[in-house]
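> fold the following for me, if possible:
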Amino acid sequence: MVPIIGTADVAYLPSRKVVGISKLARVVDAYARRLQTQETMTAQIAECIEKSLKPRGVAVIIKAQHQCMTTRGVKKPNVEMITRTFTGSFYDDVNMERRLMELINS
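Presented below is the predicted three-dimensional model:
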């Protein structure tokens, strides 16, 4: 077992509840500490925010380097894997997705 090291971009469109950034960071940390795949973690973070806040949409994008790729086996440094889960407005509205991606990439 080796870690994955990366970043998580989290966005949500509130319907009623608005939470502080630290709460979102805690959700990411809670799932990142578990033994699991990056794909599962991405979906679980989005699902947790969806259930707790009932927002109009949730977006979670995780970009990470897998140490199994960089230190063992094929030994490919600087290879990153990107996973994403979009719900609600981020999933249904192409313009909303585009705006989010512009913000993340700027």
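> can you get me a residue count around Gln36?
Residues lying near Gln36 (other Cβ atoms under 10 Å) number 12. Just so you know, the C-beta spots here come from the backbone N, C-alpha and C atoms, and that holds for glycine as well.
> give me the distance between the nearest residue to it once chain neighbours are set aside and Asp9.
Spatial nearest neighbour of Gln36, chain neighbours left out: Gln44 (7.8 Å); criterion: Cβ to Cβ, 6 or more residues apart in numbering. Gln44 is 16 Å from Asp9, where distance means Cβ to Cβ, to the nearest Å.
> quick check: chain neighbours aside, which residue is closest to Leu24?
Per Cβ to Cβ, 6+ apart, closest to Leu24 is Val10, 5.0 Å.
> show me what contacts that neighbour?
Residues near Val10 by Cβ atoms under 8 Å, 6 or more residues apart in numbering: 24, 27-28, 45, 49, 58-60.
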